[in-house]
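In: Below are the sequence and a predicted model for it; my questions follow.
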Amino acid sequence: DLTCIDSGDARKPRGIASRACNFAELESSSESYRGMEGISSAAVTGMVLRGVRVLCPALTPSAVHLLALLAEHVYQADRWRTGKLRVTASNGRLAHMLGVSERAVRRLLALLEANRWIVRRYNNANRRGDIAGIDLRPLAARLGELQHAEMVVAKEAAERRAKAKAERVDVVDEQCRTNP
């Protein structure tokens, strides 16, 4: 179950972030990402908005929107090429941009981590900052999957358009026959 979040020990120290049950696997896959040529934040944002619902239907629209916002926070194009994809936006900033509470942002980040889209990095004081942040390398490592999902969405849309066009032609033909 990818949406499970392991709360760990029931008596874990207060203030320590819970990690996804697949955290070790997620961390190793993010460490292996080395970068990709010819990709931009705008392209990744578009792929997220169009393709994530196919790959992970369990994600809420707010979680998908948050993932797109995080991708937009990678300002320099060379960061996608070099694999330096840590975003340091605060929960308060993200909450303001999404129009939700900071607690909702924390839940959404945990959901994104549990579903292998991000890794939350913390410093020794359990804070995200300049040396920590939200690591988007798991997202970048799944860009191939996102591109395929985007093609599936485009194909479905083309089929719906063709069906709607055929139905319109049938209606127009029928009207022409009944009203000469």
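Out: It's in.
In: For the rest of this, base every contact and every neighbour count on C-alpha atoms.
Out: Will do.
In: show me the contacts for the residue nearest to the spatial centre of the chain.
Out: Among the residues of the chain, the one closest to the centroid is residue 67, at 3.8 Å (CA atoms, centre = their mean). Residues near residue 67 by CA atoms under 8 Å, 6 or more residues apart in numbering: 48, 112, 117.
In: of the residues you listed, closest to residue 146?
Out: residue 48 (7.0 Å; CA to CA).
In: Pull up the distance across stretch 66-81, start to finish.
Out: 22 Å (CA to CA, to the nearest Å).
In: for that stretch, what is the average pLDDT?
Out: The pLDDT scores in stretch 66-81 average 86.
In: buried set for that stretch?
Out: Of the residues in stretch 66-81, 66-74, 78-81 count as buried by neighbour count, 16 or more other CA atoms under 10 Å.
In: Likewise for stretch 103-117?
Out: 104, 105, 108, 109, 110, 111, 112, 113, 114, 115, 116, 117.
In: could you dump the residues you listed to JSON lines with secondary structure, distance to residue 27 and pLDDT?
Out: Written out in JSON lines, the entries for the buried residues of stretch 103-117 read as follows (DSSP: H, G, I helix; E, B strand; the rest coil; distance: CA to CA, whole Å; pLDDT from 0 to 100):
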{"residue": "104", "secondary structure": "helix", "distance to residue 27": "23", "pLDDT": "95"}
{"residue": "105", "secondary structure": "helix", "distance to residue 27": "21", "pLDDT": "94"}
{"residue": "108", "secondary structure": "helix", "distance to residue 27": "18", "pLDDT": "95"}
{"residue": "109", "secondary structure": "helix", "distance to residue 27": "15", "pLDDT": "93"}
{"residue": "110", "secondary structure": "helix", "distance to residue 27": "14", "pLDDT": "90"}
{"residue": "111", "secondary structure": "helix", "distance to residue 27": "15", "pLDDT": "92"}
{"residue": "112", "secondary structure": "helix", "distance to residue 27": "13", "pLDDT": "92"}
{"residue": "113", "secondary structure": "helix", "distance to residue 27": "10", "pLDDT": "89"}
{"residue": "114", "secondary structure": "helix", "distance to residue 27": "11", "pLDDT": "88"}
{"residue": "115", "secondary structure": "coil", "distance to residue 27": "12", "pLDDT": "89"}
{"residue": "116", "secondary structure": "coil", "distance to residue 27": "9", "pLDDT": "88"}
{"residue": "117", "secondary structure": "coil", "distance to residue 27": "11", "pLDDT": "90"}
